[in-house]
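# quick one, fold the following:
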Amino acid sequence: MDHADTVESLRFFVSLKEFCPPGSENFGYDETVTAWQQGRAAIAWTYGSLIGAHFENPEVSKAAGKSVYVPAPLGPYGMGSPHFGSWGIAMNKDSRNKEAAWAFIQWACSRDLAKRWTLEGGHTPRHSVYRDPEVLKAQPYMDWLYDHMLHWANPDTRPMLPEWSEINEELTLFQNKAWIGEISAEEALKGMQRGIEILMREGGYYDPDLKKPVQQWRNMKYYDLNPTGWK
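You can find the predicted model right below:
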C-alpha cells in the first residue's frame, strides 16, 4: 500500500479537494448525486447502473440530457481500473418453499423483466438487453456504457476475500483522514498497510503453505441462457 506510486496517487486525489463543493469531506454517494442533480458540480462520479435513474431522469435531475459520461482517467501506466460488481439472488438450502423461491428467481432474473426494468431507468446484467433497440432508444448512454464496460471492467479490482469489508474500512478510514488534512498521504498509506497486514495475518493468508486460489470467470453469454442451460 505504501509504494511510491500509491503515495503519489493519493496526493493527487487529495489535491482535487480544492475543486469540490464545500463540505465534501462529509459527502457520500447520495450527497454527490444530489450536487450533480442540482447543478452544483461540473464533474461527478457515478455507478453505471444508476445513470438512468439518478442522472438521466428529468424528474429528479436538472442535468438530464446534458451530461457526458467517460471512464475515469487512466493512470501513469495507461491502465484503468473501474469498479465491477453485481448483485445476486440466492435460495436458502433450508427453505421450506424451494419451488416458490426458484420460481421467483427465474422471474426476477428473466430477460423480459430485465428489459422492463432497464426501460424504467434501472440496469441490467444481461448483455442482450444492452443491445435491444427499444432499450437503446430509451437509454442512449447504454450503447457507450456497454462497449466501455467490456473493454475496461476488471472483476478483480476488489479482493475476493471474506475480509474485504474490513479491508475496505481500513482504506476508507485513512483515506478520509488524508482528505481532511489530518495526516499526510504517506501516513495514511502506512496506516492502511498496518491495518490490512493485521487482517491478512489473522486470516492466515501469510501461511507459506497456502496456495493462491484461481477465480474462474465465465463468458457473459453464459448468463443469458435459460436456467435449464446453466452449468
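# put the alpha carbons of the longest helix belonging to the chain into CSV.
In the chain, taking DSSP state H as the definition, the longest helix is helix 185-202. The C-alpha trace of helix 185-202 is given here as CSV (Å, rounded to 0.1, in the frame of the first residue of the first chain):
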residue,chain,number,x,y,z
ALA,A,185,-0.7,10.7,2.2
GLU,A,186,2.4,8.8,3.4
GLU,A,187,1.0,8.4,6.9
ALA,A,188,-2.4,7.4,5.5
LEU,A,189,-1.0,4.6,3.4
LYS,A,190,1.3,3.4,6.1
GLY,A,191,-1.8,3.2,8.3
MET,A,192,-3.6,1.2,5.7
GLN,A,193,-0.6,-1.1,5.3
ARG,A,194,-0.5,-1.9,9.0
GLY,A,195,-4.3,-2.4,9.3
ILE,A,196,-4.6,-4.6,6.3
GLU,A,197,-1.5,-6.7,7.2
ILE,A,198,-3.0,-7.4,10.6
LEU,A,199,-6.2,-8.6,9.0
MET,A,200,-4.4,-10.8,6.5
ARG,A,201,-2.2,-12.3,9.2
GLU,A,202,-5.3,-13.1,11.3
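# by contact count, what packs against that helix?
If you count contacts as 3 or more CB pairs under 8 Å, 6 or more residues apart in numbering; DSSP states H and E, helix 185-202 packs onto helix 4-15, helix 164-179. In this view, the C-beta of every residue, glycine as well, is placed from N, C-alpha and C.
# put together a markdown table for those, with mean pLDDT and distance to Phe84 on each row.
Shown next, in a markdown table, are these (pLDDT from 0 to 100; distance: least, CB to CB, whole Å):
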| stretch | mean pLDDT | distance to Phe84 |
| --- | --- | --- |
| helix 4-15 | 93 | 19 |
| helix 164-179 | 93 | 14 |
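# out of those helices, which is closest to Glu186?
With respect to Glu186, and counting by CB to CB, the nearest of the helices and strands packed on helix 185-202 is helix 4-15 at 5.6 Å.
# after that closest one, next one along is what?
helix 29-37 (DSSP states H and E).
# gap between that next one and the chain center?
16 Å (CA atoms, centre = their mean, to the nearest Å).
# other residues contacting the next helix or strand after that helix?
The element immediately downstream of helix 29-37 (helix or strand, assigned by DSSP H and E) is helix 98-108. Residues outside helix 98-108 that contact it (CB atoms under 8 Å, 6 or more residues apart in numbering) are 89, 91-92, 95, 113, 227.
# now do helix 98-108, average pLDDT.
Averaging pLDDT along helix 98-108 gives 93.
# other SSEs contacting the next helix or strand after it?
Using DSSP H and E, the helix or strand that directly follows helix 98-108 along the chain is helix 111-119. Helix 111-119 sits against helix 127-130, helix 133-138, with contacts defined as 3+ CB pairs under 8 Å, 6+ apart.
# how about 6 Å then?
helix 127-130 (3 or more CB pairs under 6 Å, 6 or more residues apart in numbering; DSSP states H and E).
# may I see the buried residues of the helix it packs on?
Neighbour-count burial for helix 127-130 flags 129-130 (criterion: 16 or more other CB atoms under 10 Å).
# and if you look at stretch 132-150?
Those buried within stretch 132-150 under the rule 16+ other CB under 10 Å are 132, 135, 139, 141-142, 145-146, 148-149.
# now tabulate those in TSV and tack on pLDDT and distance to Asp2.
Below are these laid out as TSV (pLDDT from 0 to 100; distance: CB to CB, whole Å):
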residue	pLDDT	distance to Asp2
Asp132	94	47
Val135	94	45
Gln139	89	42
Tyr141	87	38
Met142	88	39
Leu145	84	35
Tyr146	87	37
His148	81	31
Met149	79	32
